[in-house]
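Novice: Take this sequence and fold it.
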Amino acid sequence: YGLFIAFITEQDTYLAGSAFVLASVLPSVFLSVPGGIVADRLPNKLAILLAMAIRVAIVTRFIGSELSLEAVIALTFLVFTAYQFHSPAENEAVVMVVGPEAMTSAIAWLQALSLLAQVVGAGIVAPLAIDLLGSDGLFVLVALLFVASGALYAVVPNLTPRRAVES
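Specialist: Next up is the predicted model:
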């Protein structure tokens, strides 16, 4: 969303905004089921960390670059594509942390916190970071937050359900 603020809003066309929204939404339309299938086949921690690493690589591509509108749309599509492989593994990993008896409420909390993070990120952090650090500073901050997130996932012990390990 910071990318939307930093780059897309500077374009003088509604087409740019629409293309950004489509690049953000289409991966979930076409890749949510394949993402779940892949997440079922890989250990959760591996799927989560690979998706995080891919997201870090994509975000760092924005740092110091004068990217065309087409490149921004393509990279946005890739960021949201990586998320389609991250999210199912993350949801299943929740079960390993809280157990099946608390799964529903834990996933609801995860979704609520994720939406809150998006609101805070898009409404407060991204505009402030752009004003104080510039767009490159925002992208560095986002990359660092992805790295920190990945590090936190990495230190959580077993995130893969026993049935997946046994199969």
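Novice: and V38, how many neighbours?
Specialist: For V38, the tally of surrounding residues (other C-beta atoms under 10 Å) stands at 17. Where C-beta positions appear, they are placed from N, C-alpha and C, glycine not excepted.
Novice: ok, it - contacts?
Specialist: 47, 85 (C-beta atoms under 8 Å, 6 or more residues apart in numbering).
Novice: Recalculate using a threshold of 6 Å.
Specialist: F85 (C-beta atoms under 6 Å, 6 or more residues apart in numbering).
Novice: Ok, V156 next?
Specialist: V156 touches nothing, counting by C-beta under 6 Å, 6+ apart.
Novice: outside of stretch 96-108, which residues touch it?
Specialist: 91, 94-95, 159.
Novice: buried stuff in that stretch?
Specialist: Neighbour-count burial for stretch 96-108 flags 96, 98, 103, 106-107 (criterion: 16 or more other C-beta atoms under 10 Å).
Novice: Can you name the element that comes right after the helix or strand harbouring V97?
Specialist: Taking DSSP states H and E as the criterion, V97 maps to helix 69-98. On the C-terminal side of helix 69-98, the closest following helix or strand by DSSP H and E is helix 103-120.
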